[in-house]
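# give me coordinates for this.
(one chain, ligands or ions: 3)
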Amino acid sequence: MTTLTIARPDDWHLHLRDGAMMRAVLPWTARDFARAIIMPNLVPPVVTGAQAAAYRDRILAALPDGMTFEPLMTLYLTEDTDADDVAAAHTSGLVKAVKLYPAGATTNSASGVTNFDAVRPVLERMAEIGLPLCVHGEVTDHDIDIFDREAVFIDRILDPIRRATPGLRVVMEHITTSDAVDYARAQDDTLGATITTHHMVINRNHILAGGIKPHYYCLPVAKREEHRLALRAAATSGEARFFLGTDSAPHTDANKFLPCGCAGCFTAPNTLPILAQVFEDEGALDRLEGFTSKHGPAFYGLPVNTQTLTLTKTAPDLPGHIDTDDGPVTVFDPGFDLTWSVS
Ligand SMILES: NC(=O)N[C@@H](CC(=O)O)C(=O)O
Ligand SMILES: [Zn+2]
Ligand SMILES: [Zn+2]
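Ligands and ions are numbered 1, 2, ... in the order given. Model (predicted):
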């Protein structure tokens, strides 16, 4: 196969940041994706409907002329979140999901949730109105090994929340383990799971063996090879519960190369060429469209994009880094030559 035309993809988990960083990264997403679920972990976080509306306006104002892109806004769940404000933001069509960060789990999660009982009223309201909860699924307990934090979160937090809140639609974001794949497969269609580009490509050796590679450090951290293989199998399986959320999370190189460097891989520019390669290697190119363009809209109850995107079998011309007014940002290096380009 030398060309592949698919419904235009969406990204169901994206960090666009704000200001200079947003201006630099937004065109790379808008180039290949029609819509994206926009993560609310700004500083300060996007907590209220009014803040989400203002952020949406800033995104649209930063979109270059001639490009179209629809930001799907989310609210950052805190223990003080007002259920009425959430419901109003949903009813108006502004907000498509609420994001749960366990406090301290990841970048800019300090305002997240520590006491999960405190957010019960909001979760119950969300179940009533059909508003999905997107979850960063890691516990933050210091006595839990960082490689086990996702599996422990499923048992201790996620499953109890789902049992206590029947009907709540939940997206397990950026899953990294076979435990998460197995859990997702055992649930009904109120549960979806996003898989990133980079977690299908790297395992923990890529980060740690032969010298530390800050550009491969993200959260949840990449796990053993058996988990990477489980994620690739899930993504390429054609099962509707699994869909693309790149978690493209730009940080300047200066912020990656610190004694305490930031977590995140910047994959917006080359996600589609990488995914085409992964799906081709797995003999599943015919399932790429489901993963990038159909399963996500079905979960969120949105139409599939009517525009299309065509991939052709030629090496893409993509930058190794992009320049921003805050400094350079390195693009995720998959470690193999790309053979598919977006035409
Ligand atoms: N994935 C990451 O490693 N980082 C994300 C936060 C997140 O999605 O957890 C970020 O905002 O930088
Ligand atoms: Zn996260
Ligand atoms: Zn993220």
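
# all strands of this structure, in order?
Using DSSP state E, the strands found in the chain span residues 3-7, 10-14, 35-38, 70-76, 95-100, 133-135, 170-172, 191-195, 242-244, 308-312, 321-322, 329-330, 341-342.

# what pairs with the first one, and is each one parallel or antiparallel?
Neighbouring strands of strand 3-7 in its sheet, by DSSP bridges, are strand 308-312 (antiparallel).

# out of the strands of the chain, nearest to ligand 1?
strand 10-14 (7.1 Å; CB to the nearest ligand atom). Just so you know, the C-beta spots here come from the backbone N, C-alpha and C atoms, and that holds for glycine as well.

# now do the closest one against strand 70-76, angle only.
Here strand 10-14 runs at an angle of 30 degrees relative to strand 70-76 (axes from the mean of the first three to the mean of the last three CA atoms, to 10 degrees).

# OK, contacts around Glu289?
Glu289 is in contact with 6-7, counting by CB atoms under 8 Å, 6 or more residues apart in numbering.

# what's the closest of the strands of the chain to ligand 2?
Nearest of those to ligand 2, taken as CB to the ion: strand 10-14 at 7.7 Å.

# helices or strands next to that closest one in the packing?
In terms of contacts (3 or more CB pairs under 8 Å, 6 or more residues apart in numbering; DSSP states H and E), strand 10-14 is packed against strand 35-38, strand 242-244, helix 295-300.

# run through who's touching it.
29, 33-39, 134, 171, 173-174, 194, 196, 243-248, 268, 271, 292-293, 296-297, 300, 305.

# how many residues are close by Leu60?
Residues near Leu60, counting by other CB atoms under 10 Å, number 12.

# check contacts around it.
Going by CB under 8 Å, 6+ apart, Leu60 touches Pro71.

# kindly report the same for Ile129.
87, 90-91.

# among these, which are in helices?
Within the contacts of Ile129, residues falling in helices by DSSP state H are 87, 90-91.

# tell me the one of the contacts of Ile129 nearest Asp333?
Closest to Asp333 out of the contacts of Ile129 is His90 (38.8 Å), distances taken as CB to CB.

# identify the residue spatially nearest to that closest one, adjacent ones excluded.
Leu131 (4.7 Å; CB to CB, 6 or more residues apart in numbering).

# if I look at the one you found, how far off is Lys96?
To Lys96, Leu131 is 8 Å away according to CB to CB, to the nearest Å.

# what's the answer for Ile38, then?
9 Å.

# go on, Pro166?
Taken as CB to CB, the span from Pro166 to Lys96 is 21 Å.

# got JSON lines for the helices and strands packed on strand 10-14, with mean neighbour count and mean pLDDT too?
JSON lines is the format used below for the helices and strands packed on strand 10-14 (neighbours: other CB atoms under 10 Å; pLDDT from 0 to 100):
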{"stretch": "strand 35-38", "mean neighbour count": "26", "mean pLDDT": "99"}
{"stretch": "strand 242-244", "mean neighbour count": "27", "mean pLDDT": "99"}
{"stretch": "helix 295-300", "mean neighbour count": "22", "mean pLDDT": "98"}
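
# could you pick out the residues of the chain near ligand 2 for me?
Where the chain comes near ligand 2, counting by CB under 5 Å from the ion, the residues are 106, 136.

# touching, Thr236 and Phe279? I think so.
Yes: look at Thr236 against Phe279 with CB atoms under 8 Å: they come within range, at 5.7 Å.
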